[in-house]
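Participant: Turn this into a structure:
(chains A and B)
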Amino acid sequence: MTKPSTLFEKVWADHVVVEETPETPAVLYIDLHIIHEVTTPQAFSVLRDKGLAVRRPDLTLPTLDHSTPTTKVSTFKDLLVAGEGAANQVRQMQQNCEDFGLDLLGYGSGQRGIVHVIGPELGATQPGKTIVCGDSHSSTHGAFGALAFGIGTTEVGHVLATQCLLQRKPKTLAVNIDGELPAGVTAKDLILAIIGKIGVNGGTGHVIEYRGAAIRAMDMESRMTICNMSIEAGARAGMIAPDETTFAYLRGRSRAPKAAAWDEAVERWRRLKTDDGASFDKSVTLNVSELQPMVTFGTNPGMVVGINEAVPASSDASFRKALDYMQVESGKPMTENAVDIVFVGSCTNGRISDIEETARVLRGRKVADSVRMMVVPGSEQVKKEAEERGLDQIIIAAGAEWREAGCSMCIGMNGDIAQPGQLTVSTSNRNFEGRQGVGARTVLASPATAAASAIAGYIADPRVYS
Amino acid sequence: MKRVRNIQSRTVVLPTRDIDTDQIISARFLTTTSRDGLGKNLFHDLRFDAEGNERPDFILNKPESEGCRILVGGNNFGCGSSREHAPWALLDYGFEAIISTEIADIFSNNALKNGLLAIVVDADTHQWLMDNPGAELAIDVAAATITLPDGNIVEFAIDGFAQHCLIEGIDQLGFLQQQASAIESFEENRSWKP
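Facilitator: Numbers count the residues shown, from 1 in each chain, chains lettered A, B, ... in the order given. As a prediction, the model looks like this:
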């Protein structure tokens, strides 16, 4: 009998081309490489300099998301809304894809969108695959039981040229979720609570597996929100074992296996779970039956508090520096803070269920006069589906902006930014200093909390709108 | 990649914990298609005020930081975004080594592939370095040691492969390309195809 293995160990073992030794890392095969305009130009330059081709264009999925405007783009001129550098990056990506024979899901494809939104929605993201992208939120794809992680540009070049990476095997961390999520508390609240518990470096060197009934009960988009923010705990990746929910999500998607290949794939995917008796290097358990909607109060995603709890106190210099930056006081709840901007979108919460949740809260209500609210769908397909269902009209009627797909204010590369001192309630993943603009203050929250805060003009508990 | 064998320099200390790659190089400077010239925007919003004037109280703007090639950071240095622009910016500015008690995985990977040493030391050594900014250190990559000003020697752990690549200036893409036949045979023989 073989030794019991974790989900991670199974996927890892299935992709080792050359075993690691004390002297050399493993050569790991990559099944899907998603690329975008910001972290690839220098990698393509290396390929050009060395006269190399892209080894597997068929396993490479290029799109445009980070430095694209969230206003309509019909001509090159329209790209300049995001600035000349950003427009140039988009143009260079188009050129690189043409030169290297890659099928770019760009303008006019109807399938353009955030790297971690389009992989799953196309069905390209599948259980048991190794998936990488020059973006740290690649951990999102782990929601399907894939091993997915972010890489730098040098490694993007490695994958383009060889379809492989040199990797040391990471350790494993089990995050066990006990109890049932209370009504009105979402996956975003849970992952913020997890990061708050284990810390922004709690997962460093590890691949997390999220386990427990609360995870099993989640739909795929919620699981993606959980895995997406694994990197915010410092983890290399986050994974959830695939199950019927996973298979139902993938069935019929354009890049998912078809007919007999589908049945074979599902049979293989069913084996992708941690065996009884397999051990993790570390494990933590969190009971969520009393969990509240969560919001961040500081300048990293681990500085998080329940919506009705007081901001904690500490004499630590980094902690106090964060509170000073945020203009937040210990001992007071975050609900006392007025809001300037609300942003719904990103690879964390820019999917159709997030737009739906936002529209549910906004329906028949108005965004406060003092608030600018932007809703940015994660992909062109999300946008299309939302419009078919009339969600855009609810959002627009409430006084919010309904924009074109992209990363937008999550990273603020495209001109969608806050002004110094402005407070943004954001459904994205990072509240770092300056992330959403110089001097901008970011409070991370779920789409429901974001929408509730837009209506109230203050950070607000979304459960009053349930 | 150029060879990295010995680094001798005074230190600059940035004691803040969790210095993320957004602080190292803001996303608004990532709209470049080159690796070069990022140093001028390293730690931009800490170095400069809204009008673009140097903030005199920030450590990199102080005369004693001139020419320092070793940066000592608070715990969990380089967390957040995978942008390789962070090590590119640090190198372009003139840093050759980062020392902390913990360095984020992706940052560390990116740094070592570009010849920027990412060194994790024990808490006591780190505290001493934090308390003694400007200390003259000698880093020996082959021996994996840091010699402190009093002659004491501190060892640090480094992945053997990364160490070898640094010392010999080896480009890891070349190493991967040498595995071509193993990669081909893996693609042919695997039990399922992506």
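Participant: who does residue A:442 bridge with?
Facilitator: Using DSSP bridges, the bridge partners assigned to residue A:442 are residue A:424.
Participant: Could you list the domains of chain A?
Facilitator: As recorded under automatic domain parsing, the domains making up chain A are A:7-167, A:171-242+A:267-287, A:296-465.
Participant: where do the strands sit along the stretch 151-300 of chain A?
Facilitator: Under the criterion DSSP state E, counting those that start in this stretch, strands of the stretch 151-300 of chain A are mapped to A:164-167, A:171-178, A:206-211, A:237-239, A:282-287, A:294-296.
Participant: now those strands in CSV, with mean neighbour count?
Facilitator: The C-beta positions use only the backbone N, C-alpha and C, and glycine is treated the same way. What follows is the strands of the stretch 151-300 of chain A, written out as CSV (neighbours: other Cβ atoms under 10 Å in any protein chain shown):
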stretch, mean neighbour count
strand A:164-167, 24
strand A:171-178, 21
strand A:206-211, 27
strand A:237-239, 31
strand A:282-287, 14
strand A:294-296, 27
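Participant: Quick one, which of those strands gets closest to residue B:6.
Facilitator: Evaluated over the strands of the stretch 151-300 of chain A, closeness to residue B:6 peaks at strand A:164-167, with 25.0 Å, by Cβ to Cβ.
Participant: And residue B:154, which helix or strand is it part of?
Facilitator: For residue B:154, the host element (DSSP states H and E) is strand B:153-155.
Participant: That should have said residue B:146, apologies.
Facilitator: Remark: residue B:146 resides in strand B:145-147, with elements defined by DSSP H and E.
Participant: any idea of the mean pLDDT in that strand?
Facilitator: In this model, strand B:145-147 has an average pLDDT of 98.
Participant: Mind checking if the longest strand anywhere in chain B is in reach of chain A?
Facilitator: Taking DSSP state E as the assignment, the strand of chain B that covers the most residues is strand B:6-14. No: using Cβ under 8 Å from any Cβ of the partner chain, strand B:6-14 stays clear of chain A, with a minimum separation of 10.8 Å.
Participant: who touches that strand?
Facilitator: Strand B:6-14 has contacts (Cβ atoms under 8 Å, 6 or more residues apart in numbering or on different chains) with B:59-60, B:64-65, B:67-74, B:96-97, B:99, B:117, B:129-130, B:132-141.
Participant: Next up, the contacts around the residue in chain B that chain A sits nearest to.
Facilitator: Relative to chain A, the nearest point of chain B is residue B:31 (3.0 Å; Cβ to the nearest Cβ). The contact partners of residue B:31, taken as Cβ under 8 Å, 6+ apart, are A:38, A:67, A:83, A:85-86, A:88-89, A:413.
Participant: where do the helices sit along chain B?
Facilitator: Taking DSSP state H to define them, one finds helices in chain B at B:21-24, B:44-47, B:85-93, B:105-113, B:123-131, B:160-168, B:172-177, B:180-189.
Participant: let me redo that: the stretch 301-450 of chain A
Facilitator: Listed from the start of the chain, the stretch 301-450 of chain A has helices (DSSP state H, counting those that start in this stretch) covering A:317-326, A:346-349, A:352-362, A:380-388, A:391-397, A:447-456.
Participant: again, but for the stretch 1-150 of chain A
Facilitator: Across the stretch 1-150 of chain A, reading from the start of the chain, the helices by DSSP H, counting those that start in this stretch fall at A:7-13, A:41-50, A:76-79, A:84-99, A:115-122.
Participant: quick one, which of those is nearest to residue A:385?
Facilitator: Put simply, out of these the one that sits nearest residue A:385 is helix A:115-122, at 9.3 Å, with distance taken as Cβ to Cβ.
Participant: packing partners for that closest one?
Facilitator: Counting contacts by 3 or more Cβ pairs under 8 Å, 6 or more residues apart in numbering or on different chains; DSSP states H and E, helix A:115-122 packs against strand A:32-35, strand A:60-62, strand A:130-133, helix A:220-228, helix A:346-349, helix A:380-388.
Participant: what do you get if the cut-off is 7 Å, keeping everything else the same?
Facilitator: Contacts of helix A:115-122 with other secondary structure elements, assessed using 3 or more Cβ pairs under 7 Å, 6 or more residues apart in numbering or on different chains; DSSP states H and E, are made with strand A:32-35.
Participant: For the strand it packs on, the averaged confidence score.
Facilitator: Confidence for strand A:32-35, expressed as mean pLDDT, is 98.
Participant: ditto for stretch A:89-100
Facilitator: Throughout stretch A:89-100, pLDDT has a mean value of 98.
Participant: Need the contact partners of it.
Facilitator: Where contact means Cβ atoms under 7 Å, 6 or more residues apart in numbering or on different chains, the residues beyond stretch A:89-100 that reach it are A:37-38, A:40-41, A:44, A:53-54, A:62, A:64, A:67-68, A:76, A:79, A:104, A:106, B:31, B:33.
Participant: If you count neighbours, what's buried in that stretch?
Facilitator: Under the neighbour-count criterion of 16 or more other Cβ atoms under 10 Å in any protein chain shown, stretch A:89-100 has A:89-90, A:92-94, A:96-97, A:100 buried.
Participant: any low-confidence regions in the stretch 51-200 of chain A?
Facilitator: Low-confidence regions of the stretch 51-200 of chain A, defined here as pLDDT under 70, do not occur.
Participant: Write out the residues of it neighbouring chain B.
Facilitator: The stretch 51-200 of chain A has residues A:59, A:67, A:83, A:85-86, A:88-89, A:92, A:129, A:134-136, A:150-154, A:157-158, A:161-164, A:166, A:168, A:200 near chain B, with proximity defined as Cβ under 7 Å from any Cβ of the partner chain.
Participant: Just the buried ones among those residues, please.
Facilitator: Among those, those that count as buried by neighbour count (16+ other Cβ under 10 Å) are A:59, A:67, A:83, A:86, A:88-89, A:92, A:129, A:134-136, A:150-154, A:157-158, A:161-164, A:166, A:168, A:200.
Participant: The closest residue in space to residue A:455 that isn't next to it in sequence and chain B, how far apart?
Facilitator: Excluding its sequence neighbours, the residue lying closest to residue A:455 (Cβ to Cβ, 6 or more residues apart in numbering or on different chains) is residue A:365, at 5.1 Å. Using Cβ to the nearest Cβ, to the nearest Å, residue A:365 is found at 33 Å from chain B.
Participant: I'd say residue B:28 and residue A:411 touch.
Facilitator: No: Residue B:28 is not in contact with residue A:411 according to Cβ atoms under 7 Å; the separation is 9.2 Å.
Participant: More neighbours: those two, which one.
Facilitator: Neighbour count, other Cβ atoms under 10 Å in any protein chain shown: between residue B:28 and residue A:411, residue A:411 has more, with 28 against 22.
Participant: In the stretch 151-300 of chain A, what residue spans correspond to helices?
Facilitator: Assigned by DSSP H, counting those that start in this stretch, the helices in the stretch 151-300 of chain A fall at A:153-162, A:187-198, A:213-216, A:220-228, A:244-250, A:259-270.
Participant: out of those helices, nearest to residue A:422?
Facilitator: helix A:187-198 (21.4 Å).
Participant: In contact with the closest residue to chain B within chain A: list those residues for me.
Facilitator: With Cβ to the nearest Cβ as the measure, the residue in chain A that lies nearest chain B is residue A:85; the distance is 3.0 Å. With contact set as Cβ under 7 Å, 6+ apart, residue A:85 has these partners: B:31-32.
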